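>>> Kindly return the folded structure for what I paste below:
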Amino acid sequence: MTPMPAPARFGSILRFIGPGLILTASIVGSGELIMTPKLAGEAGFELLWLIVLGCIIKVFVQVELGRYAICTGQTTLEALDSIPGPRWKVSWLVWLWILMFIALTFQVAGIVGGIAQVLGSAGFTMPGRLIALFVGGSCAVLLFFGRYRLVENLSTFMVVAFTLATLVALGALQWTDYRISAAQVISGFQFELPDKFATAFAAFGIIGVGASELIYYPYWCLEKGYGKYVGRNDGSAEWNTRVQGWLKVMRSDAWISMIIYTVATAAFYLLGAAVLHAKGLKVSDKGMIDTLARLYLDSFGTWSFYLFLFGAFNVLYSTAFVSTASNSRLLIDVAGLFRVLDLTRPGSREQAIKWGCIVLPAISTSLFLVWEKPVTLVQVGAVAQGVMLPFLAVAALYFRYRRIPGPALPGQAWTLCVWISVLATTAAGLYQIFDTLFKK
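Predicted coordinates:
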């Protein structure tokens, strides 16, 4: 693919955006559908500020990691492996990522279990374990035989439809006994913290662009072609113009996806605070889907139960699907860093990714069969992502000051926002440590 100038008009830009919207199919997923209502049910409206902040501040790190990938052509793991510090075969930061990656298999296992609960609530008479096997197997087969684009497009459409239905449910709630007042919304921005921070930290780590999506995003930027459109940095004025133009395309993509998932997450949180907290309902491993369905039932009535199940299925399946496609790329990438696989032969990387799409669903499905606790499994991955966030933010800062060429550098205001993101994610991690060790 030869270098090419970026589109100048916003209408033309829309033809080239996509990585952020691809992630939206997984971002509006287990974090929004499971962890966000769980937190709202426990805390009420008081943590609305944390949800909104958690969605917005990560976009700055997302763009910086994407910026580095476009300027250098390096994948995220290759970039993390170049960070100075202790190393054994790979960088210390890659080892930290490996721990998070292991936890992500638990999260996907919880999503598989959630899908099994959805189908069970819909009337499928098969045992839950058999349904989980079917879910994991179908995901693997579709990805192995290259049906990604079809399922991606269908899933994205369904996720958007479910998000819109959730917004309508939030509006319809205003004509019920659970209507939300302006005072309740205002109370959500008092910057209060809960007595126990564990669920809040898990939600903070997984909502919006979690650590896993921050790592996926540059891969999709490169596969979309942004890096090849920019071309090799030859120091020419033409390269400077191209990189600035394609970075503008990437930023548009990131901001559009951020608006979508922030609105969706806030809607799920408000519904959970208004309904689940008021009823004293807790989102737990047993009966998770039936509890979450109250978000629709109390807005639309009993007929909406199957509407919720249909939407929940699409959200969770698309999350499992996109996560598996992304994680397989990361798995093969780290295998290359360890020199376990030779990815230099033509087509070897693509073939290895296909087999990764078989291995990962098998592992996640097996985990659920052993540990049938979908909420707990999702929370394991969410906490791991929360722990990884500060390290990714610091890495983004390092790239900004040490690796990004002058023409691609962000302005002072943007850099300040990146610093705020670093401080906010670090503060959340430190508070979780304090909460775990010292608060009873």
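>>> C-alpha coordinates for stretch 211-220, CSV please?
In CSV, the C-alpha atoms belonging to stretch 211-220 read as follows (Å, rounded to 0.1, in the frame of the first residue of the first chain):
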residue,chain,number,x,y,z
ALA,A,211,-6.6,-1.5,29.2
SER,A,212,-7.3,-4.3,26.7
GLU,A,213,-8.9,-2.0,24.2
LEU,A,214,-6.0,0.5,24.6
ILE,A,215,-3.7,-2.3,23.5
TYR,A,216,-6.0,-3.5,20.7
TYR,A,217,-6.6,-0.1,19.2
PRO,A,218,-3.1,0.4,17.5
TYR,A,219,-3.4,-3.0,15.9
TRP,A,220,-6.7,-2.0,14.3
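>>> contact partners of that stretch?
18-20, 22-23, 26-27, 58, 61-62, 65-66, 68-69, 75-77, 79, 97, 100, 104, 205, 209, 254, 323, 326-327, 329-330, 381, 384-386, 388-389, 392 (C-beta atoms under 8 Å, 6 or more residues apart in numbering). Bear in mind the C-beta positions are built from the backbone N, C-alpha and C, glycine included.
>>> average pLDDT across that stretch?
Averaged over stretch 211-220, pLDDT sits at 84.
>>> Stretch 288-308 too?
For stretch 288-308, the mean pLDDT works out to 88.
>>> buried ones in that stretch?
288-300, 304-305, 307-308 (16 or more other C-beta atoms under 10 Å).
>>> same thing with stretch 341-354?
Residues of stretch 341-354 classed as buried: 341, 343, 349, 352-354 (neighbour count, 16+ other C-beta under 10 Å).
>>> Looking at those, spot the one nearest Arg242.
Using C-beta to C-beta, Arg349 comes nearest to Arg242 of the buried residues of stretch 341-354, at 25.7 Å.
>>> Can you give me the distance of that closest one to Leu39?
39 Å (C-beta to C-beta, to the nearest Å).
>>> again with Ala69
Ala69 sits 32 Å away from Leu39, going by C-beta to C-beta.
>>> Compare the two and say which is more crowded by neighbours.
Leu39 (28 against 25; other C-beta atoms under 10 Å).
>>> Isn't the more buried one up against Leu47?
Yes - using C-beta atoms under 8 Å, Leu39 is in contact with Leu47, at 6.2 Å.
>>> shared neighbours of those two, anything?
Common neighbours of Leu39 and Leu47 (criterion: C-beta under 8 Å, 6+ apart): 200, 269.
>>> How much space separates Leu377 from Thr72?
Distance from Leu377 to Thr72, by C-beta to C-beta: 36 Å.
>>> Over to Gly208?
Using C-beta to C-beta, Gly208 is found at 25 Å from Thr72.
>>> Neighbour count for these two, which is higher?
For Gly208 versus Thr72, the count of surrounding residues by other C-beta under 10 Å is larger for Gly208: 29 against 21.
>>> how about that one, phi and psi?
Dihedral angles of Gly208 (phi, psi; degrees, to the nearest 10) stand at phi 60, psi -130.
>>> Hmm, it is touching Leu50, no?
No - here Gly208 lies out of contact with Leu50, judged by C-beta under 8 Å, at a distance of 11.4 Å.
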